[in-house]
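Colleague: let me see the structure of the following:
(one chain, ligands or ions: 1)
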Amino acid sequence: MAPSKYDSKQYWDDRFLNEDSFEWLASYSKLQPILDTAISKTARVLNLGCGNSYLPFDMYNSGYQSLDNMDFSATVIEKMVAKTEELYGAESPAIAAIRWTVQDALKMDNIEEGSWDAVIDKSTSDCIACMDTNGELLETLSRQLEFYALHGYLIVEKFLTDEEIDMYRDESELLAT
Ligand SMILES: C[S@@+](CC[C@H](N)C(=O)[O-])C[C@H]1O[C@@H](n2cnc3c(N)ncnc32)[C@H](O)[C@@H]1O
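Modeller: Numbers count the residues shown, from 1 in each chain. The predicted structure is shown next:
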């Protein structure tokens, strides 16, 4: 995939400064049948490259109890922490259930194998594909995600080509594209 503005962390930081919320690709209402079939409400879920999507709030409101949200933009994570408090209140159980961490998906060290039961990659690998000149980054990401959610589910919603998504198929159970 050709280089584009989406490969720059600066682009995302700048964008998140001025943007309250944006849902890439499908929203929870469309994904719900797939997510609810694959992921139990008590599952430990990782939402990688969370951005400022309302997916974690919609999932929490629908009964999911453990939602880790990660993004490499500190700007968006800070805003989403504040948004969670604004929506639910500082004393709400939602604060413990919907967690936010600044994390580069390609540099996730010190994570234990099988830390999550399900990983959601909603257009994050699209973004990583923009900076991936020879497929190495997507391959690394794919290997890592399998390690995080050993025996779990990887749910990918993507703009990727079929060849790119085959890398996930090789190593993971793919439920949705
Ligand atoms: C296309 S947006 C998708 C956002 C959200 N998942 C959604 O569905 O609306 C891609 C997101 O991935 C994040 N991202 C890109 N590369 C990343 C990386 N290496 N590590 C963590 N997050 C990354 C961006 O900051 C952005 O929030």
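
Colleague: show me where this structure has strands.
Modeller: Shown for the chain, the strands assigned by DSSP state E span residues 44-48, 66-71, 98-102, 118-122, 153-157.

Colleague: tell me which other helices or strands the third one touches.
Modeller: Looking back up the chat, that one is strand 98-102. Secondary structure elements in contact with strand 98-102, counted by 3 or more CB pairs under 8 Å, 6 or more residues apart in numbering; DSSP states H and E, are helix 55-61, strand 66-71, helix 74-88. Backbone N, C-alpha and C define where each C-beta goes, glycine included.

Colleague: again with the fourth one
Modeller: Helices and strands touching strand 118-122, by 3+ CB pairs under 8 Å, 6+ apart, are strand 44-48, helix 136-148, strand 153-157.

Colleague: to Asp109, which of those lies closest?
Modeller: For the helices and strands packed on strand 118-122, proximity to Asp109 was assessed by CB to CB; helix 136-148 is nearest, at 10.0 Å.

Colleague: now do the closest one against strand 66-71, angle only.
Modeller: Inter-element angle recorded for helix 136-148 and strand 66-71: 160 degrees (by axes from the mean of the first three to the mean of the last three CA atoms, to 10 degrees).

Colleague: what comes up buried for helix 136-148?
Modeller: Buried residues in helix 136-148, counted by 16 or more other CB atoms under 10 Å: 137-138, 141-142, 144-146, 148.

Colleague: re earlier: may I see the helices and strands packed on strand 118-122 organised as JSON lines, with distance to Thr75 added?
Modeller: Converted to JSON lines, these look like this (distance: least, CB to CB, whole Å):
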{"stretch": "strand 44-48", "distance to Thr75": "17"}
{"stretch": "helix 136-148", "distance to Thr75": "22"}
{"stretch": "strand 153-157", "distance to Thr75": "23"}
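
Colleague: let me have the ones you listed in JSON lines, adding mean pLDDT and distance to Phe16 as columns.
Modeller: Below are these laid out as JSON lines (pLDDT from 0 to 100; distance: least, CB to CB, whole Å):
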{"stretch": "strand 44-48", "mean pLDDT": "94", "distance to Phe16": "16"}
{"stretch": "helix 136-148", "mean pLDDT": "82", "distance to Phe16": "21"}
{"stretch": "strand 153-157", "mean pLDDT": "67", "distance to Phe16": "20"}
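
Colleague: many thanks, we can stop here.
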